[in-house]
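Novice: return atomic coordinates for the entry below.
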Amino acid sequence: MTRFVPDHLRAFVEFLEERGELIRIREPVDPYLEVTALADRFVKAGEQPALLFENPLPGERGRTAGLTRAATGPDGRPVPLLINLFASRRRLAWALGCDNLDEAVARIREPLELGPPSGLWDKVRLLGKLKDWGGTTPRTVARGACQEIVIQGDQLDERGLLDLMPVLTTWPGDGGPYITMPLVITRNPQNGRRNIGMYRLQVFDGRTTGMHWQVHKTGAAHYARYEENGERMPVCVAIGGPPALTYAATAPLPPDVDEALFAGFITGRPVTMTKAVTCDLEVPAEADFVLEGYVEPGERRLEGDFGDHTGWYSLAAEFPVFHVTAITCRRDPIYPATIVGKPPMEDGWLGWATERLFLPLLQVPLPEVVDYHLPASACFHNLVVVAIRKSYPGHARKVCQALWGTGQIMFTK
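Specialist: Numbers count the residues shown, from 1 in each chain. Got it, this is the predicted structure:
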């Protein structure tokens, strides 16, 4: 039986609906606070279906907050808003092209456990594996579905960010509406390697957003190098597209490891990329929206507050500014979003997937680790419970020291 690997959101929505894993909400719902209220109830009730809001229209509170009209697509109809997409074990596994997450874990573990071939048939099998893995590298196409509609130049004054996408204001104390599932694409100016990371974007107006690059993130490191040289930094932001790539953008990969390559390796299918219209970057060809633009060296603007995954507000601070030069999209786009706040939330399921998928990688430098757990109640990076095969006094301390140098586990207490 052929595995289903969703290449884009609409295909995944249809797949989920056939299996009773998605609910369409046709009544008008306000992107200002109201969507959050409904989605929060669903995610806290356990493994509930994903929600597709077909009419995310500003209500009285939204209009009071400045949302004067609905975000509409190329056909003039409201752009559907998808939320709680990853908030179950089943949907996470399907997003990664498998029926059970253990299958994806096995794919990661397999190359790590390869030994030298001991005979002819071992060599033949190894060649087959190498061919399969080589076929999962990103593939470039001349033009993608993400560029069926192109808006740039003066057109952005008439059709800006909030005119095209039903961007959520999630909590009453937020500094404004935020794009919460962006795939921010940057390039290392020293070696040309790509990074695709998920960093929230506060929408300031139709052409600019904040760029929440925390100092320890790869995107921030790329920006620092451009800034040192006094150069403008090209940036693209993809929204939607292959669900596996959305997960990969949240994964704690080492610097210079391409998230598009990682997504292709997990699913066994390459991610298709295409050249951006106004930037010298490649973007996911099957994305629903792509924002193209740049970040200037030295430019900062106050971003925040933001209701964060701890259940508290992250306070406002100065961050770089993203200037949009073009918006491209599909003819029938879907806008995916997530909300973060007091656990349990959708991001907790993504954290659970990372916990399971990265155990084999963690065991390469630390083979004494039997298993580990990142509790959702501690927001996944504030507490780590580790089981080890203890061999000598102080062994646990050695493991702790190693873990403190591993990605976001650096934040553990």
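Novice: report the central residue of the protein.
Specialist: In the chain, the centroid-proximal residue (Cα atoms, centre = their mean) is residue 246; its distance is 3.6 Å.
Novice: which stretches of the stretch 101-250 of the chain aren't confidently modelled?
Specialist: Filtered on pLDDT under 70, the stretch 101-250 of the chain yields the residue ranges 114-133.
Novice: quick one: the strands in it, in order.
Specialist: Read by DSSP state E, counting those that start in this stretch, the stretch 101-250 of the chain holds these strands, from start to end of the chain: 139-141, 149-152, 178-179, 183-187, 194-197, 201-202, 208-210, 233-239.
Novice: distance to residue 168 and mean neighbour count added to those strands, as CSV?
Specialist: Yep, even glycine has a C-beta here, placed from its N, CA and C like the rest. Written out in CSV, the entries for the strands of the stretch 101-250 of the chain read as follows (distance: least, Cβ to Cβ, whole Å; neighbours: other Cβ atoms under 10 Å):
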stretch, distance to residue 168, mean neighbour count
strand 139-141, 31, 13
strand 149-152, 21, 16
strand 178-179, 7, 26
strand 183-187, 17, 25
strand 194-197, 20, 23
strand 201-202, 11, 26
strand 208-210, 14, 25
strand 233-239, 12, 26
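Novice: redo these as JSON lines? Include distance to residue 277.
Specialist: As requested, the strands of the stretch 101-250 of the chain are exported to JSON lines (distance: least, Cβ to Cβ, whole Å):
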{"stretch": "strand 139-141", "distance to residue 277": "14"}
{"stretch": "strand 149-152", "distance to residue 277": "6"}
{"stretch": "strand 178-179", "distance to residue 277": "19"}
{"stretch": "strand 183-187", "distance to residue 277": "14"}
{"stretch": "strand 194-197", "distance to residue 277": "18"}
{"stretch": "strand 201-202", "distance to residue 277": "19"}
{"stretch": "strand 208-210", "distance to residue 277": "18"}
{"stretch": "strand 233-239", "distance to residue 277": "10"}
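Novice: re earlier: pretty sure the residue nearest to the centre of the chain is touching residue 181, no?
Specialist: Yes: contact status for residue 246 versus residue 181: in contact at 6.4 Å, counting by Cβ atoms under 8 Å.
Novice: give me the common contacts of these two.
Specialist: With Cβ atoms under 8 Å, 6 or more residues apart in numbering applied, the overlap between the contact sets of residue 246 and residue 181 consists of 198, 336.
Novice: and the helix or strand hosting residue 94, average pLDDT?
Specialist: Residue 94 is part of helix 89-95 when elements are defined by DSSP states H and E. For helix 89-95, mean pLDDT rounds to 97.
Novice: output stretch 307-314 as PDB, nothing but the C-alphas.
Specialist: Listed in PDB are the C-alpha atoms of stretch 307-314, where the atom choice follows Å, rounded to 0.1, in the frame of the first residue of the first chain:
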ATOM      1  CA  GLY A 307       0.800  35.600  25.400                       C
ATOM      2  CA  ASP A 308       3.400  32.900  25.400                       C
ATOM      3  CA  HIS A 309       3.600  29.100  26.000                       C
ATOM      4  CA  THR A 310       4.300  29.400  29.700                       C
ATOM      5  CA  GLY A 311       0.900  30.900  30.300                       C
ATOM      6  CA  TRP A 312       2.400  34.300  30.900                       C
ATOM      7  CA  TYR A 313       3.000  37.300  28.600                       C
ATOM      8  CA  SER A 314       6.500  37.700  27.100                       C
END
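Novice: and it, how far out from the chain middle?
Specialist: Averaged C-alpha coordinates place stretch 307-314 at 18 Å from its chain's average position (Cα atoms, centre = their mean, to the nearest Å).
Novice: what lies in contact with that stretch?
Specialist: Under the contact criterion Cβ under 8 Å, 6+ apart, stretch 307-314 has outside partners 170-171, 173-174, 304-306, 340-343, 345, 347, 379.
Novice: between the longest strand along the chain and strand 183-187, how many degrees?
Specialist: Longest strand of the chain, by residue count under DSSP state E: strand 321-329. Between the direction of strand 321-329 and that of strand 183-187, the angle (axes from the mean of the first three to the mean of the last three Cα atoms, to 10 degrees) works out to 110 degrees.
Novice: which other helices and strands contact strand 321-329?
Specialist: When contacts are defined as 3 or more Cβ pairs under 8 Å, 6 or more residues apart in numbering; DSSP states H and E, strand 321-329 sits against strand 149-152, helix 155-158, helix 161-164, strand 208-210, strand 289-295.
Novice: and these: which comes nearest residue 31?
Specialist: Using Cβ to Cβ as the measure, helix 161-164 is the one of the helices and strands packed on strand 321-329 that comes nearest residue 31, at 9.3 Å.
Novice: give me the buried positions along stretch 103-117.
Specialist: Within stretch 103-117, the residues that qualify as buried by neighbour count (16 or more other Cβ atoms under 10 Å) are 104-105, 107-108.
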